[in-house]
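> Here is my input; please provide its structure:
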Amino acid sequence: MNAPWVRRALPALVLVLLAAAPFLLNGFRLRLLTEVLIFGLLAASLDLLVGYTGLTSLGHALGFGVSAYATGIVATRLIANASLTLLAGVAAAVLVSLVTGALAVRARGVYFLMLTLAFGQLAFSLADTWTPVTGGSNGLSLPVFQLVPGAEGGLLSGVVGFYYYTLVAFVLGYAALRRVVSSPFGLALVGIRENEARMRAVGYAVQGYKLAAYCTAGALAGYAGALYAQQQRFVSPGLAGFETSALALVMVIIGGRGTLVGPVLGAGVVLLLRDELSTRFEEWQLVLGVVFIAIVYFLPRGLAAALRQRRAVA
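Numbers count the residues shown, from 1 in each chain. Sure, this is the predicted structure:
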């Protein structure tokens, strides 16, 4: 299993299986897999901060939620074109990330954590109270999105069509993140994580790199948020709140920090467990918490590290 050709062929095999999913899964499972891909992007974008830059955030849902609302507002008031609303959502997430990041990256450790949490809760409160724009606690119901302006129904109105649309978006987003972490910029982020003082001493603008990482992660979180709004056709204040941020962080921890693929695996495990346990147990949240504790205890480095170690032994 450790042969180089196996490692090279594995991503292609996974992509083939994902492409074949509509022929293997029913509509409900396919919709769940679509959600896994979207939250996989959210978790992978958070990993850029947590795993590569060493910045643990409890407000990463800020970009996710802001983008979802920007997508919804453009769709309901201007045009429900998938590409245009996606761009609007990402632009809104980048703008918010730039403003909040300029303040957040000046802090370190628990202070950075608390600042990001505060920004997320501010966005949640604003979405909950700005009823004329956001719909308040009732949220916003969105129309069916079209790839071609003016088209009725079309590809994105069905579960299968939207799945393939999301799959293409996921591959593009994941490839962009992979390119970032393997670039000199990504290597500099790892250096900052390992020894920030030394990186500053050799001439790196550490705060500038942190802000760039924060905005890049926010843009990818916004990308995922726009896709989620298009899939659900509904946005609510909780998308920007603590629960969504904590869920993304759990996905990163379970999947394995600093791997990108690990958080995607973590998203699949978390959402599948949530779905299965909620149908079998009345107190499913308690059971889910116990399962998470067990995973973290027995696999402290995450699923990705465990799978990599198993391949090395085989």
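> hey, let's count contacts and neighbours off CA atoms from now on
Noted.
> for the helix or strand containing Phe185, the distance to its chain's centre please.
Following DSSP states H and E, one finds Phe185 within helix 184-194. Helix 184-194 sits 21 Å away from the centroid of its parent chain (Cα atoms, centre = their mean, to the nearest Å).
> Let's test this: mean pLDDT of the very next helix or strand once past that helix, rounded?
As assigned by DSSP H and E, the chain's next helix or strand after helix 184-194 is helix 196-201. Regarding helix 196-201, the rounded mean pLDDT is 91.
> And the helix or strand following helix 196-201, what's buried?
Counting by DSSP H and E, the element after helix 196-201 in chain order, helix or strand, is helix 206-232. By 16 or more other Cα atoms under 10 Å, the buried positions in helix 206-232 come out as 206-207, 209-231.
> do stretch 273-282 as well
Within stretch 273-282, the residues that qualify as buried are 273, 277, counting by 16+ other Cα under 10 Å.
> Relative to the whole chain's centre, how far out is it?
Here the centre of stretch 273-282 is set off from its chain's centre by 23 Å, with Cα atoms, centre = their mean.
> Quick one: mean pLDDT over that stretch.
Stretch 273-282 carries an average pLDDT of 79.
> Outside of the helix holding Phe185 itself, which residues are in contact with it?
For helix 184-194, contacts defined as Cα atoms under 8 Å, 6 or more residues apart in numbering pick out 52-55, 180-181, 199, 206, 209-210, 213.
> Looking at Ala312 now. What's its pLDDT?
pLDDT recorded at Ala312 is 53.
> Oh, that last question was meant for Leu167, not what I typed.
With respect to pLDDT, Leu167 has a value of 96.
> and it, that's in a helix?
Yes - remark: Leu167 belongs to a helix, assigned using DSSP: H, G, I helix; E, B strand; the rest coil.
> Can you tell me, leaving aside adjacent residues, what's nearest to it?
Sequence neighbours aside, Leu37 is the residue nearest to Leu167 in space, at 7.2 Å (criterion: Cα to Cα, 6 or more residues apart in numbering).
> Please report the distance of the one you found from Ala61.
Distance, Leu37 to Ala61, using Cα to Cα, to the nearest Å: 16 Å.
> Neighbour count: the two, which is higher?
When Leu37 and Ala61 are compared for neighbours, Ala61 comes out ahead with 34 against 25, by other Cα atoms under 10 Å.
> show me the residues around the more buried one that make contact.
By Cα under 8 Å, 6+ apart, the contact list for Ala61 reads 120, 221, 239-242, 244-245.
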